[in-house]
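Asker: Any chance you could fold what I've pasted below:
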Amino acid sequence: MAETSLPAGADHRQPRLYSIGHSNHPVEVFLGLLVRHRIETVVDTRSQPRSRWASQYDKAVLEETLRERGFRYLFLGRELGGRPEGAEYYDPEGRVLYDRVAASRRFASGMERLLGLSGRTALLCSEEDPAVCHRFLLIARVLRERGMPVEHIRGDGSVQTDEEVLAVESDGQMSLFDAPEERPWRSIRSVSPAELPRTSSRP
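Answerer: Numbering: from 1, shown residues only. Presented below is the predicted three-dimensional model:
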């Protein structure tokens with residue numbers, strides 16, 4: 001796995017964490033968001049690091065683009081991705097069981113690598129809206145429970161805190177702390193691979 005060197009001026013403190021979704025932005029728009037928020041490292045959390053509609057975000061292409069612009073790139077899609085390998089991480093409807101993912105050794109390994117970084121670090125996935133993405137529903141929740149808040153960069157350049165994302169999602173009816181426990185901790189949509197190994201609960 002190739003990584004680029006840190007940009008000039010990067011510090012060596014515990015990372016300040018952001019999240020960002022590339023959506024179908026032109027790559028220059030995406031890069032502009034990174035520059036605007038002084039991001040130093042992009043951590044790719046996509047299980048499938050390619051885009052059918054936006055090939056500029058295919059892993060090899062994006063990694064080279066970021067390297068040329070002076071950003072550091074780290075792929076952690078296997079460890080922190082929202083579509084993990086293994087039927088045990090999915091319910092019968094194909095939704096990801098985040099509690100099982102968060103308890104896995106693979107996820108713990110990814111978190112250790114993430115927290116070993118320094119400077120301003122952005123968790124990358126494809127969804128523009130963090131409220132419907134595992135980077136908020138899974139990764140940011142685990143980080144928040146560890147006392148490490150994540151700020152979410154939106155496509156218009158604004159930034160939302162976890163509290164603000166949840167307030168928009170729930171129309172202000174639920175607090176940040178009681179909402180997750182009131183709902184099953186799983187993905188919003190079915191995201192299972194086309195073929196999963198058979199289990200006793202999946203005919």
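Asker: So for Arg50, what's the pLDDT?
Answerer: We have a pLDDT of 88 for Arg50.
Asker: what's the answer for Phe177, then?
Answerer: Looking at Phe177, its pLDDT stands at 46.
Asker: Same check on Pro184?
Answerer: Note on Pro184: pLDDT of 84.
Asker: Report the secondary structure state of it.
Answerer: The three-state label given to Pro184 by DSSP: H, G, I helix; E, B strand; the rest coil is coil.
Asker: count of residues packed around it?
Answerer: The tally of other residues near Pro184 (other C-beta atoms under 10 Å) stands at 12. The way it works is simple: take the backbone N, C-alpha and C, and place the C-beta from them, glycine included.
Asker: can you check Pro26 too?
Answerer: Counted with other C-beta under 10 Å, residues neighbouring Pro26 total 10.
Asker: give the contact list for Ser109.
Answerer: Glu79 (C-beta atoms under 8 Å, 6 or more residues apart in numbering).
Asker: now swap in Tyr89 and tell me
Answerer: By C-beta under 8 Å, 6+ apart, the contact set of Tyr89 is 96-97, 100-101, 104.
Asker: Kindly indicate which of these lies nearest Gly70.
Answerer: If you rank the contacts of Tyr89 by distance to Gly70 using C-beta to C-beta, Val101 comes first, at 32.5 Å.
Asker: and the closest one, that's in a helix?
Answerer: Yes. Judged by three-state DSSP, Val101 forms part of a helix.
Asker: Am I right that it is in contact with Leu138?
Answerer: Yes. Assessed by C-beta atoms under 8 Å, Val101 is found in contact with Leu138 at 6.4 Å.
Asker: Let me know the secondary structure of the residue minimising distance to the centre of the chain.
Answerer: In the chain, the residue lying closest to the centroid (C-alpha atoms, centre = their mean) is Arg135, at 3.2 Å. What three-state DSSP gives for Arg135 is helix.
Asker: Report the separation between it and Gly70.
Answerer: To Gly70, Arg135 is 23 Å away according to C-beta to C-beta, to the nearest Å.
Asker: Asp156 now?
Answerer: Relative to Gly70, and taking C-beta to C-beta, Asp156 is found at 24 Å.
Asker: ok, the two, which is more surrounded?
Answerer: Taking neighbours as other C-beta under 10 Å, Asp156 and Gly70 compare with Gly70 leading, 14 against 7.
Asker: And the more buried one, what's its pLDDT?
Answerer: pLDDT recorded at Gly70 is 98.
Asker: What are the phi and psi values at Tyr48?
Answerer: One thing to correct before we go on: residue 48 is Gln, not Tyr. Dihedral angles phi and psi of Gln48 (degrees, to the nearest 10) take the values phi -120, psi 90.
Asker: got it, and Tyr89?
Answerer: When read as degrees, to the nearest 10, the backbone of Tyr89 gives phi -90, psi 10.
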